[in-house]
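Turn this into a model:
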Amino acid sequence: VRTGASPPRTLPWQEGKRIVHAIGRSEPPGKRDFAILLLLATYGLGAAEVLGLRLQDVDWKAGILRARRPKTKVCIELPLLPPVARALTAYLRWERPPAKGVTHLFLRANLPYLPITSGAIRHRIRHYASQAGVSAEMIGAHAFRHSHASRQVDAGANLKVVSEILGHRSSSSTSVYVRVAIKRLRGVGLPVPR
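Model (predicted):
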């Protein structure tokens, strides 16, 4: 962390949930957007990791989701949690365009069926945040990632485990999230002398 750097931008968990629940799934691209935001919030994946997901990265039988870190090219295996599996199934079954030969998981809703971009994810997050009445100076996929990490640290998760999930090379990169883990910090704070 650079000297004078501010803590990572986080969304309080309740606001993140409000944004995810603001997504209407009855009309396209609602099922796609819901699955994307669930991946961001549940696993702390970055936009590039979500955009890099391919159809073969979801192992339905083994219950595993494989994501690749864009910077390090390291593959991480995550448990395919039931809510995420249901969201992906709904998107794949009812909304994903029939793009033959395109293996990217998340595609644009209109022709040509190309993979969506990080700009599209940012735009959709801002749209749903506005619908949910959540205003933040900076809001995007990275805010969900920071919130996920802070939530894990607040819950007492081992910093090394959180570091590996986030794809950090060293746990010192993850220590910045301790700065915003308010619940945990309150437990170790010393009383102020009078």
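
Nearest residue to the spatially most central residue of the chain in space, please, no chain neighbours.
Centroid-nearest residue in the chain, with C-alpha atoms, centre = their mean: residue 40, separated by 1.2 Å. Residue nearest to residue 40 in three dimensions, not counting chain neighbours: residue 144, with 3.9 Å by C-beta to C-beta, 6 or more residues apart in numbering. Using the backbone N, CA and C atoms, a C-beta is placed for each residue, glycine as well.

still on that earlier bit, contacts only, for the residue nearest to the centre of the chain.
46, 47, 50, 141, 144, 145, 148 (C-beta atoms under 8 Å, 6 or more residues apart in numbering).

Pick out the least confidently modelled helix or strand of this structure, by mean pLDDT.
Lowest on mean pLDDT, DSSP states H and E among the helices and strands of the chain sits helix 182-188, with a mean of 54.

just to revisit the earlier point, can I get the contacts of residue 40 in JSON lines including pLDDT and neighbour count?
Putting those into JSON lines (pLDDT from 0 to 100; neighbours: other C-beta atoms under 10 Å) gives the following:
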{"residue": "46", "pLDDT": "89", "neighbour count": "22"}
{"residue": "47", "pLDDT": "93", "neighbour count": "24"}
{"residue": "50", "pLDDT": "96", "neighbour count": "21"}
{"residue": "141", "pLDDT": "84", "neighbour count": "24"}
{"residue": "144", "pLDDT": "80", "neighbour count": "30"}
{"residue": "145", "pLDDT": "78", "neighbour count": "22"}
{"residue": "148", "pLDDT": "75", "neighbour count": "24"}
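
and which of the residues you listed is nearest residue 29?
residue 50 (14.0 Å; C-beta to C-beta).

residues contacting the closest one?
Contacts for residue 50 (C-beta under 8 Å, 6+ apart) come out as 36, 39, 40, 67, 106, 121, 141.

any idea where the helices of this structure begin and end?
With DSSP state H, the ranges of helices along the chain come out as 13-21, 30-43, 47-51, 82-94, 118-132, 141-154, 159-166, 171-174, 182-188.

what is the mean pLDDT for the longest one?
For helix 118-132, the mean per-residue pLDDT is 94.

tell me the angle it makes with helix 13-21.
110 degrees (axes from the mean of the first three to the mean of the last three C-alpha atoms, to 10 degrees).

Renumber starting at 673 from here on
Okay, using 673 as the starting number, the last item reads as helix 790-804.

name the helices or strands packed onto helix 790-804?
Using 3 or more C-beta pairs under 8 Å, 6 or more residues apart in numbering; DSSP states H and E as the contact test, the elements touching helix 790-804 are helix 685-693, helix 702-715, helix 719-723, helix 813-826.

Which of those sits closest to residue 733?
Among the helices and strands packed on helix 790-804, helix 702-715 comes nearest to residue 733, with 19.5 Å by C-beta to C-beta.
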